[in-house]
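In: my questions are about this predicted structure, shown below with the sequence.
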Amino acid sequence: MAALEETLVAFSQMVVDFPEIGELDINPLVCTGDSVIALDARVIIDREVALTKHDPHQHLVISPYPLKYVTTCVTRDGRNVVLRPIRPEDEPM
């Protein structure tokens, strides 16, 4: 299961990093022990996206964390603090 999880995360990252990927088909994906092997795969590049300039992550349904709203400030007593939007992982705090 750990190898499958790593493979799925790697594919997800590939889709995030390369918006030019229009379609990705892997069939079958074989998991044996600690290895995962794609026996057949097909990647179709979206020519229009590949040839045009676009904003990073514009192609994603859910945007990554909005770094443009992260600010560092100094309090009156001289401490450095970071102001940022709340993240889902902040919930337990």
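Out: Nice, thanks for sending it over. Residues are numbered from 1 along each chain as shown.
In: for Ala38, give me its contacts.
Out: Applying CB atoms under 8 Å, 6 or more residues apart in numbering, we find Ala38 in contact with 26, 29-30. To be clear about C-beta, it is placed using only N, CA and C from the backbone, and glycine gets the same treatment.
In: where do the helices of this structure begin and end?
Out: With DSSP state H applied, the chain shows helices at 2-17, 47-51, listed in chain order.
In: what does the shortest one contact?
Out: Applying CB under 8 Å, 6+ apart, the contact partners of helix 47-51 are 19-20, 22, 59.
In: and these, which of them are buried?
Out: Neighbour-count burial (16 or more other CB atoms under 10 Å) applied to these gives 19-20, 59.
In: what about Ile26, distance to Ala38?
Out: In this view, Ile26 and Ala38 are 5 Å apart by CB to CB, to the nearest Å.
In: sorry, back to before: output the buried ones among the contacts of helix 47-51 as TSV; include the columns distance to Thr71 and pLDDT.
Out: TSV is the format used below for the buried ones among the contacts of helix 47-51 (distance: CB to CB, whole Å; pLDDT from 0 to 100):
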residue	distance to Thr71	pLDDT
Pro19	28	88
Glu20	33	91
His59	27	75
